[in-house]
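1. Fold the following and give me the result.
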Amino acid sequence: MSCWHDHDTHEEYNYEQVKIDTLAPGFDLPAYDPIKDDTTNISTHDLHGKWKVLFFYPADFTFVCPTELKDMAGAKAKFDELGVTVLAASTDTVFSHRAWVKHEGLMKGFPYLMLADHNTEIAAAYNILDEESGIAGRGTFIIDPEGICRGIEVTSGPLGRNSDELIRKIEALQFMAAHPGTACPAKWAVGSKTLTPSIKISGEIEEQLK
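-> Below you'll find the model as predicted:
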């Protein structure tokens, strides 16, 4: 299995499955653009230098999936404010994506590109492919401008995700990227105190957060 690596040479190569804080598997996939009602192609190279969310869902015409995608669509203004490109993805075809958007009321006005990983290579690379059914699990991957995977969330099939928590994580990751050496404690939100890890504060975290 091979996909595009995000080096300047753009060579194809074999890669390991996704791991946190390492280079995310590259891709070059067809996509349905629901705003233009047309197909396009999107690749890792196209997105270099941008924060990205790869939002895998099991399948078009299912049950929890449209509720999740409506939630993500409702948060578009915030993702835009953070400079984040959101990509929905499943192992369906672009034709299935279009039919679903046209028929499902919750998908009305869906604003993001919908990747068609029909050969399942990318779902496999991101370690969320059910090989027996050929569909992807619910996997959310936050990828930084250098192509490093900074966040992985995988939930059980019937469990929908929450865009508010995803946005909180991105805000924290962006803060830490802008302030190297800092760490964001549990439930961190913009404006909250951060930590500067050091042996000098070990055992005194309560004091540091006052």
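
2. tell me the pLDDT at the nearest residue to residue 137 once chain neighbours are set aside?
-> Nearest non-adjacent residue to residue 137, counting by Cβ to Cβ, 6 or more residues apart in numbering: residue 128, 4.0 Å away. All C-beta atoms are positioned from the backbone trio N, CA, C, and that covers glycine. On pLDDT, residue 128 comes in at 96.

3. if I look at residue 128, how far off is residue 150?
-> 17 Å (Cβ to Cβ, to the nearest Å).

4. Repeat that for residue 175.
-> From residue 175 over to residue 150 (counting by Cβ to Cβ), the distance is 12 Å.

5. ok, back up a step: for the residue nearest to residue 137, give me its contacts.
-> 56, 136-139, 154 (Cβ atoms under 8 Å, 6 or more residues apart in numbering).

6. and if you look at residue 157?
-> Per Cβ under 8 Å, 6+ apart, neighbours of residue 157: 58, 64, 137-138.

7. hmm, back to that, how about the backbone phi and psi for the residue nearest to residue 137?
-> phi -130, psi 10 (degrees, to the nearest 10).

8. quick one: it from residue 154, how far?
-> 6 Å.

9. if we can go back for a sec, more neighbours, residue 175 and residue 150?
-> Taking other Cβ atoms under 10 Å, residue 175 and residue 150 do not tie; residue 150 has more neighbours (20 against 15).
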